[in-house]
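Trainee: A predicted structure for the sequence below; I have some questions about it.
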Amino acid sequence: MQNKIGPFRIGDKPAFTQITADQAAPYVIFVVKDPLHGCEKDTAEEVADYFDERRLVSDTGMCRVYTGVYSGVPITVVSSGSGAPELEIVLMDFMMNTDAHTFIRVGGSGAMQEWLRVGDLVIATGAVRDEGTSLSYVPPQFPAVADWRLVACMKKAAERRGFRHHLGLTRSVDSEYPGVARPARDGFLLERHKRQFEEWHRAGVLNVEREASILLTLTTLFGLRGGVVNAIGDNFVTGEPFRPGAGFANAIVTALDAIVLLDGERNAGE
Ligand SMILES: O=P(O)(O)O[C@H]1O[C@H](CO)[C@@H](O)[C@H]1O
Ligand SMILES: O=c1cc[nH]c(=O)[nH]1
């Protein structure tokens, strides 16, 4: 049997973002409305403040969308809640209703290696799919891979700006507590949670957060261009304390500059 009810729409627009094809730029940046970024503004507005011109496309309460121009390139930015389940529905609004082809997550994360510093950037080459949403699409063996051109452009952008940055694997989880070996109520944490943390550390995963893998799974699955740049806000291994918004502005600029570089390559037919 198939679900006879299609995607949610209100006023004949996708319910969660109200996005329409004519309002969406080819390049879309996804951010979380997160107090960890240390700003008063909605995170989408924080990104849109970098645009040379911009217009508010929608604000449904769950998502806020701006479309504008940065260095001559049209870009859309959308903010939503935290975690793979929420980003899935935002991604599907764009993937099923617009011609957007490049999807970039800009966010924060916790470091999983002692040599990473708070404020550094991690440009994901791929993601560990330790969340449930992407498993609803494809088996765990399916790789969540970043687009190599986009990764190269983000690396070049960070280098040119002099931002400390690293390329490697990002792990996405559903649980912010045992999922990252952080004790929950009553100190609840099992040995297997500690072992899991150690395994991913030993496997060389650079950082952990909650959205990279759903974005990279879906862009890989549907032949779109996906990328993720996360700032390091704290270090789970060394205990370097959390600093709100550390490196987040650098992550935003890296994504924006990378889009300009990528657009230039596309226009040059590379
Ligand atoms: O800094 P942002 O992008 O919110 O992302 C990280 O912070 C949130 C809380 O952990 C999760 O969404 C995680 O992915
Ligand atoms: O664990 C996390 C998640 C987001 N940002 C951080 O700094 N750490």
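Mentor: Cool, the structure landed. Numbering: from 1, shown residues only. Ligands and ions are numbered 1, 2, ... in the order given.
Trainee: Can you read off the pLDDT for residue 270?
Mentor: Note for residue 270: predicted pLDDT of 82.
Trainee: ok, now how distant is it from residue 153?
Mentor: 11 Å (C-beta to C-beta, to the nearest Å). Any C-beta I mention is one placed from the backbone N, CA and C, and that applies to glycine too.
Trainee: how about the residues of the stretch 1-150 of the chain that lie near ligand 1?
Mentor: 32, 34, 36, 82, 107, 108 (C-beta under 6 Å from any ligand atom).
Trainee: Name the residue in residue 270 and residue 153 with the higher neighbour count.
Mentor: A count of neighbours by other C-beta atoms under 10 Å puts residue 153 above the other of residue 270 and residue 153, at 25 against 8.
Trainee: Could you name the helices and strands sitting against the helix or strand containing that one?
Mentor: Using DSSP states H and E, residue 153 maps to helix 148-161. Other helices and strands packing on helix 148-161, by 3 or more C-beta pairs under 8 Å, 6 or more residues apart in numbering; DSSP states H and E, are strand 121-130, strand 165-173, strand 225-235, helix 248-267.
Trainee: Swap in 10 Å and give it another go.
Mentor: strand 102-111, strand 121-130, strand 165-173, strand 225-235, helix 248-267 (3 or more C-beta pairs under 10 Å, 6 or more residues apart in numbering; DSSP states H and E).
Trainee: mind listing what's buried in it?
Mentor: 149, 150, 151, 152, 153, 154, 155, 157, 158 (16 or more other C-beta atoms under 10 Å).
Trainee: which one of these sits closest to ligand 1?
Mentor: Ligand 1 lies nearest to residue 154 out of these, by C-beta to the nearest ligand atom, at 15.8 Å.
Trainee: my read: the closest one touches residue 227, true?
Mentor: Yes - using C-beta atoms under 10 Å as the test, residue 154 is close enough to residue 227 to be in contact (6.0 Å).
Trainee: Now for the two: what residues contact both?
Mentor: Shared contacts of residue 154 and residue 227, defined by C-beta atoms under 10 Å, 6 or more residues apart in numbering, are found at 104, 123, 124, 146, 147, 254, 255, 258, 259, 262.
Trainee: hang on, the earlier thing: for ligand 2, which of the helices and strands packed on helix 148-161 is the nearest?
Mentor: Nearest of the helices and strands packed on helix 148-161 (C-beta to the nearest ligand atom): strand 225-235, 2.0 Å.
Trainee: so does that closest one get close to ligand 1?
Mentor: No - if you take C-beta under 6 Å from any ligand atom as the test, strand 225-235 misses ligand 1, and the best it gets is 6.9 Å.
Trainee: Quick one: mean pLDDT for that strand?
Mentor: For strand 225-235, the per-residue pLDDT averages 98.
Trainee: so how far is residue 171 from residue 204?
Mentor: 11 Å.
Trainee: more neighbours, these two?
Mentor: More neighbours surround residue 171 than the other of residue 204 and residue 171, with 25 against 10 (other C-beta under 10 Å).
Trainee: ok so, going back, find residues that contact each of residue 270 and residue 153.
Mentor: By C-beta under 10 Å, 6+ apart, the residues touching both residue 270 and residue 153 are 262, 264.
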